[in-house]
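Q: Below is the structure, and that's it, no one-letter string:
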Ligand code: NAD
C-alpha cells in the first residue's frame, strides 16, 4: 500500500500489508504462548513491559522521525512518545494493585461454601487504532491487555504506519514479549481479519467502522470495546473568565488541527458575552501561522488525512449554504502538496447544519448563543454523540451542576479535553461515542479479565431428598 506524506502530499512510503494467512499465523503463534504469559505472573509481565518502555525510550529519536512524518507534526509527536512511555509506566505501577482479588471468604447466603475469586484474561485481544494519535492510540489498550496476561494482535492505522517498524524492533528485543505481542500491517481487510481471529476487540475509530465491528463481534459472540467519534460541546456561562475560556477552547478546537476525538466542536455561549467571546477568540486566532516550513515556526500543523479534508470542506459549504457566517479560516489551503486550514470560527449556525451534528475532525469552532441554561443543556445534548464536553463558569458549583446534566462520559470544568491528559479517571463513552467499559482508570485494565468463581463446599452437599414435598 502506498502511504501519503501529510506535509508534501506525496505517496512516499510503502506499507507491506499482512495477508490473511499471515494474520492467522501470527494469531496462532500468539495464542500458543499466551497461557505461559498468563502463568508467568503480573510481576514478570510488569518487568517485561517496563523493559519495553526502556526499549522505546532508547529508540525515541527513531520513533520521533517516523511519527513526525506520519502526522506532519513535531512537538505533538514528542508529547505523544512521552505520553506512551508514561502510560506504560503508569499501568505497570498499578497492575498488581488492580489484580488483587478478595481473600477466600464464606458465602453470605450459604455459609458452608467458601468463595475464591479468580481473574482470567481473555486469551487473544485484537486492538485496532486510528491515524490521529497513531502511537498513543495503538498502545492505549494493548499495554493493559498484555499486563493482564492476554496476547495481543495490534493493527495500527494504514494512514500513519511508518512508526510500526520501530515499535516492532522494540518488541523483538524482548523475546518473551515478542511471543505474545504481534503487529499487523494493513487497512480494513487486515482489521476485519483481526476481528475474525481474536477473543475480544478494542477498537478506536469512526462510528461507521465501530458499528460494523460490533456486528461482527456479536456474530462471533465476543465483546467489542468501542471508542468512537465525538461532537463535543462546550457551555460558556455569562460569568466565565473569557481569557481562560478562549485559550482552552482554541487549544481544544484547533490544537492538533482539530484532529482529536475529544476536540470541542460546538460552543454554546451565553448571549450577553457572545460578542466579546467571539472577538477575543478571533484576536487569538489572527496571529497564528501554519508551520509548513519548520524553520519559520508556526503553531498550526497540516491535516493528516486528505479524505477527512474533503469532509471538512463539505460541512463548511453546507453551513454557508444554510446561512452561517465564517469569521476566520474556512478554506483548505494546499501548500507544497500538504493540506492546511486556519482555525475556523463560524457563527449564525443551527442544528440543521452538518457542522453542528456530524463529527468534523478539523480546526472548526462553530459558536452559538444561548439565552437560558436550560437551553444550553438542551442544545449540548441534542446530538447522537456523548464522548466528552466542557463547562466554563467562575462559579464551580454552578459549572458542576450543569456538567451533571450533560450526556457525555467526561466533562472538563473550566478547561477542555482533559480526558486527553488524565488517564486515571474512569469514564464511559455515551450514546454513539462508544460501548462497554472504561478505557481509562482501573477498569481500563480489569476489563481484560473474565471473573471466575471457585465455590468450595465445606460440608456435605444437599441430596435430591432435600427437595421432596
Ligand atoms: P476508521 O474507523 O476509518 O479506522 C480506524 C481503524 O479501523 C483503522 O486502523 C482502519 O484500518 C480500521 N478499519 C477500517 N475498516 C475496518 C473494518 N471493517 N474492520 C476492522 N477494522 C477496520 O477511523 P479513522 O479515520 O482512522 O479515525 C478517526 C476516527 O477515530 C474519528 O471518528 C475519531 O473521533 C475516532 N477516534 C476516537 C477516539 C476515542 O478515544 N473515542 C480517539 C481517537 C479517534
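A: Received, thanks. Since we're looking at a predicted model, the values are computed, not measured.
Q: Tell me where the stretch 301-450 of the chain has helices.
A: Assigned by DSSP state H, counting those that start in this stretch, the helices in the stretch 301-450 of the chain fall at 306-321, 373-380, 396-403, 443-446.
Q: Deepest-packed of these, please.
A: Most buried of those by mean neighbour count (mean count of other CB atoms under 10 Å) is helix 443-446; its value is a mean of 20. C-beta: built from backbone N, CA, C; applies to glycine.
Q: what helices or strands is that one leaning on?
A: When contacts are defined as 3 or more CB pairs under 8 Å, 6 or more residues apart in numbering; DSSP states H and E, helix 443-446 packs onto helix 75-99, helix 134-148.
Q: tell me the mean pLDDT over the shortest one?
A: Confidence over helix 134-148 (mean pLDDT, whole number) is 98.
Q: Quick check: next helix or strand after it?
A: Next in sequence after helix 134-148, counting helices and strands by DSSP states H and E, comes strand 151-155.
Q: Who does that following strand pair with, and is each partner parallel or antiparallel?
A: Strand 151-155 sits in its sheet next to strand 124-128 (parallel), strand 181-183 (parallel), going by DSSP bridges.
Q: and residue 334, which of those strands is closest to it?
A: Among the strands paired with strand 151-155, strand 124-128 comes nearest to residue 334, with 30.7 Å by CB to CB.
Q: quick one: is the strand or helix carrying residue 218 near the ligand?
A: Element membership for residue 218, per DSSP H and E: helix 207-220. Yes - using CB under 6 Å from any ligand atom, helix 207-220 reaches the ligand at 209, 212-213.
Q: wait, which of those is closest to residue 35?
A: residue 213 (26.4 Å).
Q: roughly how far apart are that closest one and residue 358?
A: 20 Å (CB to CB, to the nearest Å).
Q: returning to that earlier point: among the helices and strands packed on helix 443-446, which is nearest the ligand?
A: The ligand lies closest, by CB to the nearest ligand atom, to one member of those: helix 134-148, at 5.5 Å.
Q: Now for residue 393: which residues touch it?
A: Residue 393 is in contact with 237, 239-240, 399, 402, 414, counting by CB atoms under 8 Å, 6 or more residues apart in numbering.
Q: For residue 249, state which of these is nearest.
A: Of all the contacts of residue 393, residue 249 sits closest to residue 240, with 10.1 Å by CB to CB.
Q: What count of nearby residues applies to the spatially closest residue to the closest one that is not a sequence neighbour?
A: Nearest residue to residue 240 in three dimensions, chain neighbours excluded: residue 392, at 3.9 Å (CB to CB, 6 or more residues apart in numbering). Residue 392 has 28 neighbouring residues, counting by other CB atoms under 10 Å.
Q: Surely residue 392 is in contact with residue 234?
A: Yes - using CB atoms under 8 Å as the test, residue 392 is close enough to residue 234 to be in contact (6.7 Å).
Q: for residue 434, which residues make a bridge with it?
A: Here residue 434, judged by DSSP bridges, has bridge partners residue 227.
Q: burial of it, as a residue count?
A: Residue 434 has 28 neighbours, counted by other CB under 10 Å.
Q: swap in residue 268?
A: Using other CB under 10 Å as the criterion, the residues surrounding residue 268 number 23.
Q: Am I right that it is in a helix?
A: No - going by DSSP: H, G, I helix; E, B strand; the rest coil, the assignment for residue 268 is strand, not a helix.
Q: which residues does it contact?
A: Residues near residue 268 by CB under 8 Å, 6+ apart: 233-236, 367-370, 376, 379-380.
Q: got the helices and strands packed on helix 443-446 as JSON lines, with mean neighbour count columns?
A: Below are the helices and strands packed on helix 443-446 laid out as JSON lines (neighbours: other CB atoms under 10 Å):
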{"stretch": "helix 75-99", "mean neighbour count": "18"}
{"stretch": "helix 134-148", "mean neighbour count": "25"}
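Q: what's the closest of these to residue 349?
A: With respect to residue 349, and counting by CB to CB, the nearest of these is helix 75-99 at 28.0 Å.
Q: Any chance you could list what contacts the closest one?
A: With contact meaning CB under 8 Å, 6+ apart, helix 75-99 is reached by 42-43, 45-46, 49-50, 52-53, 56-57, 60, 63-64, 67-68, 71, 119, 133, 135-136, 139-140, 143-144, 147-148, 256, 301, 423-424, 442, 445-446.
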